[in-house]
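K.L.:
sequence and predicted structure below; questions after.
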Amino acid sequence: MRQIQDAILKLDADLAPEELSALCHALYEMREAAPDFPQMKAVCADIKRKVQKKSPGAVSKSLERAVHRIFEHGDRQVLGTYQRSWLYEQPAPNKFIRTVALYLHNEQTTPPSEQAG
């Protein structure tokens, strides 16, 4: 989970605690499943108890707010390292989560000798 928290903190978006928690859990679930991603509806249902939300829809709203805040107040240069178009247009929450999760999955599974090159 530390790798996920570090990735979010690099975006420097000052997320609310509930947004940070929901995003960390969603990224974790997706990273573990990568590259065979489950539907976001299933991920939201799975993490609602962990983030103390009443419904998967409430989790989804927290994720939407988190991605919106990252785009509006975060470091766009860091955001652009995941996908260049995100420098200019806000990503959809599911696209953001899948892209960042895949990036973190690949980083996690790449041997250190290949990461340096």
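P.N.:
Ah, there it is.

K.L.:
which strand or helix spans the residue nearest the centre of the chain?
P.N.:
Compute the mean C-alpha point of the chain, and by C-alpha atoms, centre = their mean the closest residue is I97, 3.9 Å away. For I97, the element it lies in under DSSP states H and E is helix 93-109.

K.L.:
quick one: mean pLDDT for that helix?
P.N.:
Average pLDDT, helix 93-109: 92.

K.L.:
circling back: pretty sure the residue nearest to the centre of the chain contacts H25?
P.N.:
No. With contacts counted by C-beta atoms under 8 Å, I97 stays clear of H25, the gap being 10.3 Å. Backbone N, C-alpha and C define where each C-beta goes, glycine included.

K.L.:
returning to what we had before: show residues contacting the helix holding I97.
P.N.:
In this structure, residues lying in contact with helix 93-109 by C-beta atoms under 8 Å, 6 or more residues apart in numbering are 3-4, 7, 23, 26-27, 30-31, 33-35, 37, 40, 43, 60, 63-64, 66-67, 70, 82-83, 86, 91, 115.

K.L.:
distance from the chain centre to that helix, please.
P.N.:
Centroid separation for helix 93-109 versus its chain: 7 Å, with C-alpha atoms, centre = their mean, to the nearest Å.

K.L.:
can you check stretch 54-63 too?
P.N.:
Using C-alpha atoms, centre = their mean, the mean C-alpha position of stretch 54-63 is found 14 Å from that of the whole chain.

K.L.:
what of stretch 9-18?
P.N.:
Distance, centroid of stretch 9-18 to centroid of chain: 11 Å (C-alpha atoms, centre = their mean).

K.L.:
what are the buried residues along it?
P.N.:
Residues 11, 13, 15, 18 are the ones in stretch 9-18 that count as buried (16 or more other C-beta atoms under 10 Å).
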